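*Asks:* Predicted model follows, preceded by the sequence.
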Amino acid sequence: ELINLNELFNHVLDRFDMILKTDDNPDKTYSIKREFTRRDLWVEVDTDKFQQVLDNLMNNAIKYSPDGGTITYRLLETHNHVILSVSDQGLGIPKKDLTHVFDRFYRVDKARSRAQGGTGLGLAISKEIISMHGGRIWVDSKEGKGSVFYISLPYEPIDEEDQWE
Ligand code: ATP
Ligand code: MG
């Protein structure tokens with residue numbers, strides 16, 4: 001299905017914005033920042049599955065930012081890819097774990113992760129879904145500073161005028 005990525009992002013983030021605003025824990029404040037290209041980006045994706053990936057990344061960003069912070073969603077295009085990123089200001093991931101977080105059931109700090117719930121499957125599923133779309137997912141992180149998850153998808157710019165033909 002051909003979808004407007006900017007619109008899907010706004011849809012997902014509006015929902016999280018609502019939840020975070022009703023969070024009754026005053027010590028934790030999150031804010032969501034959106035940095036999108038002005039132009040609409042149309043890509044061919046399985047919307048349900050793709051939304052699941054965005055949900056996973058957002059849930060992680062919140063779950064692994066115990067002190068809150070800003071979660072930034074970026075969306076940009078290169079000549080043949082769209083690149084989206086989700087950055088948080090949370091716990092970060094130690095260097096030695098960076099290549100493993102996409103493995104099934106892999107969790108960085110077992111005790112910490114157990115307390116937070118979850119199965120360690122979120123990123124493995126996300127990776128599967130992204131590769132189904134011919135894309136890539138990777139992470140860059142600094143322990144104690146935060147993490148940035150990136151996704152790139154193949155993209156062919158559509159002439160705005162041809163869009164409805
Ligand atoms: P699930 O997603 O199944 O509920 P999970 O969040 O533990 O459980 P993944 O989403 O696959 O599983 O993430 C794997 C591990 O990578 C996490 O347990 C956590 O240690 C680490 N991780 C993932 N996202 C972040 C993040 N934004 N900041 C810090 N660590 C992260
Ligand atoms: Mg997760």
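*Replies:* Great, that's in hand. Quick caveat: nothing in here was measured; it's all calculated off a predicted structure. Ligands and ions are numbered 1, 2, ... in the order given.
*Asks:* what's the closest non-adjacent residue to the residue of the chain found nearest ligand 2?
*Replies:* Residue nearest to ligand 2 within the chain: residue 122 (2.9 Å; C-beta to the ion). For every residue, glycine as well, the C-beta is placed using N, CA and C. When the adjacent residues along the chain are set aside, residue 122 lies closest to residue 56, with 4.2 Å between them (C-beta to C-beta, 6 or more residues apart in numbering).
*Asks:* Let's test this: mean pLDDT of the helix or strand in which that neighbour is found, rounded?
*Replies:* Assigned by DSSP states H and E, residue 56 belongs to helix 47-63. Across helix 47-63, the average pLDDT comes to 95.
*Asks:* Same check on stretch 16-36?
*Replies:* 78.
*Asks:* circling back: kindly tell me how buried the residue nearest to residue 122 is, as a neighbour count.
*Replies:* 19 (other C-beta atoms under 10 Å).
*Asks:* Now the spatially most central residue of the chain. Nearest residue, chain neighbours left out?
*Replies:* Residue closest to the average C-alpha location in the chain (C-alpha atoms, centre = their mean): residue 57, at 3.7 Å. Excluding its sequence neighbours, the residue lying closest to residue 57 (C-beta to C-beta, 6+ apart) is residue 86, at 4.5 Å.
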